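Participant: Sequence and predicted structure, then a few things I'm wondering about:
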Amino acid sequence: MKAGSKLERMLESGNFTVTGEIGPPKSCNGEIVRHHARMLKGYCESYNLTDNQTAIVRLSSIAAGKILLEEDCEPNIQIVCRDRNRIAIQSDVLGATALGMKNILCLSGDHQKFGNHPTSKNVYDVDSIQLIKILDGMRNGYFANGEEMKDEPPKIFIGCAANPFADPFEFRVTRLEKKADAGADFTQTQCVLDMERFERWMELVRARGLHKRIKILAGITPLKSVKAAKYMNKYVAGMMVSQEYIDRLEKAEDVKAEGVNIACEQIEYLKKMEGIAGVHIMAIAWEEIVPEICKRTGLNPRPEV
Amino acid sequence: MSANADFQPKIIVFACENSGWLAAEHAAELALSYPERVELIKLPCSGKIDVLFFMKALEKADGTIVLACQKENCKFIKGNIRAAQRVKQTENLLKEIGIEPERVGLYYLAANMGHKFVEIIQNFYDKIRELGPNPGKVIK
Amino acid sequence: MIIAERKPIEEILGLLSKHQKVLVLGCGGCVTVCLAGGEKEVGILSSQLTMARSKEERPLEIVQKTIERQCDFEYFEGIRHIVKDVDAILSLACGIGIQTCAEAFPDKIVWPGVNTKFLGVNLNVGEWAERCQACGQCVLDKTGGICPVARCSKSIFNGPCGGSQDGKCEVSPDTDCAWALIHDRLTRLGEVDSLREILPVKDWSYSRDGGPRKLVREDLELESGK
């Protein structure tokens, strides 16, 4: 065990694992985080806390993680490379682990152009792969500069993202391999809304045996409207929504219900896919749907580990 | 109409030696007359016109134009196309400082068009007369 | 080459508002090539400024001059007599030239007439693109001759990030994804496997992050102590 988090234990047990996501609010109102934690408690092994998602200023992911711990939910702290240099990031890693957080997810971060402070300066002192390597060094007792820690090293279970829907397609597998080489223990993929492409990607992943080196959780996002689906497909870089899903939503009487149906079908399908260790359910601004999806797919109650 | 009835605009005309300049000579042969305060400057091609020429002209004149060969009839193929671009660029420079872009212009004609030459000059002269004096003319 | 762009005319008119006589000073270097501050641009801008000020009935006298380069002190010597008689200098050189000009004339006001944009290449008439950030430690050997520092929106070393689609950057469909370019070029060269290596954390101390940089080459000294 690297950190002994519930997430790590569940993945190691071989059980189909479930992670969720909570977006901290654009305010200091921690009760919103608490509310979502209580709503989702018991449905997932761990909950990602986004780090100023889409470059919009929000309550800090580590502070939100503390609230989750108080609610007996396990946080997965996202850290993006956009806003902090290696000094600040290492300091935050020490702080988060001191507070009892064990899972950290390393990301590049959305460019600030998309956020609410487009005139800000970005940092990108290190990139997401270098960040994984820094964290791996830290848990082995070394700072990024090679200096040995005088005290006990932080225990971290390291995560990363993988995007099978970005380009160049084949290189996406190499990039996951680089992340595994750097020390990542698990990866959560971009929302799978094009199962055919995802399967092609998984074939390449399996061909290189990567699924045996890194735990893969497939991203699940229930679609809420036809408009959102079309928008994501057309305008969001690195996202793809298959025409099949768009057609189904268009024909559906109750679009939201159909979106949930699709998500549930995907989970059932992924359960049988070789190399898939679990799902990461991202239902930002629709958190209340997560329990229903988990119950319908038999992912609730969770096994004890 | 201009407030000043006595206003006689000063106009600087850049003329391509293959069309506008010859048309002016043709007008002279026909003894056609046009306003006095019009100064002609010969260019080897309308494509020789430059934003700076126009600007320098407008430092002392009320309007300025370039006379180019008919479309697709430029001896140097693209001269008249480039002249049109430079007129646009000059219009923008004038707009930036609040001067009417109509004070610069481009007209197409052929060497044997003496009457057309006079008509162009007279029309542009009348237009500038209505517009009034160039507010940007440089005070020394 | 250094790419610059003339400042908006209103801004320049504002800077010069209290002056009666100025020197508009062009530079024969990069800004001439990128059509922002060479002899011709000096002429056009001077024309615009004198016309705009005449329109306001507050005439502005302009002396025009373009020197070889504004990033070398020696070229300013020849214009001392002109500078003596003007209220201020409007320099159309890049940020380097403007500062050198101000340093050459410590008692004279020197205004910037251009915005210095980036180190780049001329792609087309009126079109330039960034190519180098002068990070001080070139990595082009590892990235197929395409710079991730200058050309990736996030300056990442192990890209492309998840925002790369159809060879374009998430920031704008007009921006090529540098890492897609790197990947494609190395694939063409049969070297794509080199990208499996993790490029290490960059030493930014060679870049601006190490403080203002200075280069001293003792091998070039001709007289000791000079």
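Facilitator: Received the coordinates, thanks.
Participant: Just the helices from chain B, written as ranges.
Facilitator: B:20-29, B:51-60, B:79-96, B:114-131 (DSSP state H).
Participant: burial measure for C:Gly29, as a count.
Facilitator: 23 (other CB atoms under 10 Å in any protein chain shown). Any C-beta I mention is one placed from the backbone N, CA and C, and that applies to glycine too.
Participant: I'd say it and C:Ala93 touch.
Facilitator: Yes. Counting by CB atoms under 8 Å, C:Ala93 is a contact partner of C:Gly29 at 7.4 Å.
Participant: Would the top helix by length along chain C count as contacting chain B?
Facilitator: Ordering each helix of chain C by length in residues (DSSP H) puts helix C:39-55 first. Yes. Against chain B, helix C:39-55 shows contacts by CB under 8 Å from any CB of the partner chain at C:40, C:43-44, C:47-48, C:50-52, C:54-55.
Participant: Please indicate which of those residues are buried?
Facilitator: Among the residues of helix C:39-55 next to chain B, those classed as buried by 16 or more other CB atoms under 10 Å in any protein chain shown are C:43-44, C:47-48, C:50-52, C:54-55.
Participant: Pick out whichever of those residues sits closest to C:Arg208.
Facilitator: C:Arg208 has its nearest neighbour among those in C:Ile44, at 33.5 Å by CB to CB.
Participant: list the contacts for that closest one?
Facilitator: Applying CB atoms under 8 Å, 6 or more residues apart in numbering or on different chains to C:Ile44 gives the contacts B:51-52, B:55, B:93.
Participant: check contacts around whichever residue of the stretch 101-250 of chain A sits closest to chain B.
Facilitator: Relative to chain B, the nearest point of the stretch 101-250 of chain A is A:Thr119 (25.3 Å; CB to the nearest CB). Applying CB under 8 Å, 6+ apart to A:Thr119 gives no contacts.
Participant: mind exporting stretch A:278-298 as CSV, just the C-alpha atoms?
Facilitator: Output of stretch A:278-298 as CSV, limited to C-alpha atoms (Å, rounded to 0.1, in the frame of the first residue of the first chain):
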residue,chain,number,x,y,z
GLY,A,278,-14.0,1.2,-12.2
VAL,A,279,-15.8,4.4,-13.1
HIS,A,280,-15.4,8.0,-12.3
ILE,A,281,-18.8,9.7,-12.3
MET,A,282,-18.7,13.4,-13.0
ALA,A,283,-22.1,14.9,-12.6
ILE,A,284,-21.2,18.5,-11.9
ALA,A,285,-24.2,20.6,-11.1
TRP,A,286,-26.3,17.4,-11.2
GLU,A,287,-24.7,15.6,-8.1
GLU,A,288,-28.2,14.4,-6.9
ILE,A,289,-28.4,12.0,-9.8
VAL,A,290,-25.3,10.0,-8.7
PRO,A,291,-27.1,7.9,-6.1
GLU,A,292,-29.7,6.8,-8.7
ILE,A,293,-27.1,5.8,-11.2
CYS,A,294,-25.2,3.8,-8.6
LYS,A,295,-28.3,2.0,-7.4
ARG,A,296,-29.5,1.2,-10.8
THR,A,297,-26.2,-0.3,-11.8
GLY,A,298,-25.8,-2.3,-8.7
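Participant: Name the residues of it that are buried.
Facilitator: Buried residues in stretch A:278-298, defined by neighbour count with 16+ other CB under 10 Å: A:278-283, A:287, A:289-291, A:293-294, A:297.
Participant: do stretch A:155-175 as well
Facilitator: Using 16+ other CB under 10 Å as the test for burial, stretch A:155-175 gives A:155-168, A:171-175.
Participant: With stretch C:101-115 instead?
Facilitator: For stretch C:101-115, the neighbour count (16+ other CB under 10 Å) marks C:101-102, C:104-105, C:109-114 as buried.
Participant: now swap in stretch A:39-56 and tell me
Facilitator: Buried residues in stretch A:39-56 (16+ other CB under 10 Å): A:40, A:43-53, A:55.
Participant: All the strands of chain C, residue numbers only.
Facilitator: Taking DSSP state E as the criterion, chain C contains strands spanning C:2-6, C:21-27, C:61-67, C:88-91, C:109-112, C:114-124, C:127-132, C:168-169, C:172-176.
Participant: can I get those in a markdown table with distance to chain A and mean pLDDT?
Facilitator: Shown next, in a markdown table, are these (distance: least, CB to the nearest CB, whole Å; pLDDT from 0 to 100):
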| stretch | distance to chain A | mean pLDDT |
| --- | --- | --- |
| strand C:2-6 | 19 | 98 |
| strand C:21-27 | 29 | 98 |
| strand C:61-67 | 34 | 98 |
| strand C:88-91 | 27 | 98 |
| strand C:109-112 | 20 | 98 |
| strand C:114-124 | 15 | 98 |
| strand C:127-132 | 15 | 98 |
| strand C:168-169 | 7 | 96 |
| strand C:172-176 | 8 | 94 |
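Participant: for those strands, which one sits closest to chain B?
Facilitator: Here strand C:61-67 is closest among the strands of chain C (CB to the nearest CB), at 8.5 Å.
Participant: Given that closest one, what are its sheet partners and their directions?
Facilitator: Here strand C:61-67 has these sheet partners by DSSP bridges: strand C:21-27 (parallel).
Participant: Name the residue of chain B that lies nearest to chain A.
Facilitator: When scored by CB to the nearest CB, chain B has B:Glu96 as its residue closest to chain A, at 25.3 Å.
Participant: which non-adjacent residue is nearest A:Ile223?
Facilitator: Careful, residue A:223 is Leu and not Ile. Spatially, and ignoring its direct neighbours in sequence, A:Leu223 is nearest to A:Gly259 (3.9 Å; CB to CB, 6 or more residues apart in numbering or on different chains).
Participant: Quick check: which element contains the one you found?
Facilitator: Using DSSP states H and E, A:Gly259 maps to helix A:255-271.
Participant: list the buried ones in that helix?
Facilitator: Burial within helix A:255-271, assessed by neighbour count using 16+ other CB under 10 Å, is assigned to A:255, A:258-264, A:266-267, A:270.
Participant: any low-confidence regions in chain B?
Facilitator: Scanning chain B for pLDDT under 70 picks out B:1-4.
Participant: quick one: contacts for the residue in it that chain C sits nearest to?
Facilitator: Nearest to chain C, among the residues of chain B, is B:Gly136, at 3.2 Å (CB to the nearest CB). Counting by CB under 8 Å, 6+ apart, B:Gly136 touches B:58-59, B:94, B:97, B:99, C:51-52, C:54-55.
Participant: Outline the domain layout of chain C.
Facilitator: What the record gives for chain C is the domain set C:2-118, C:133-209, from automatic domain parsing.
Participant: wait, which of those domains is closest to A:Lys2?
Facilitator: For these, proximity to A:Lys2 was assessed by CB to CB; domain C:133-209 is nearest, at 19.6 Å.
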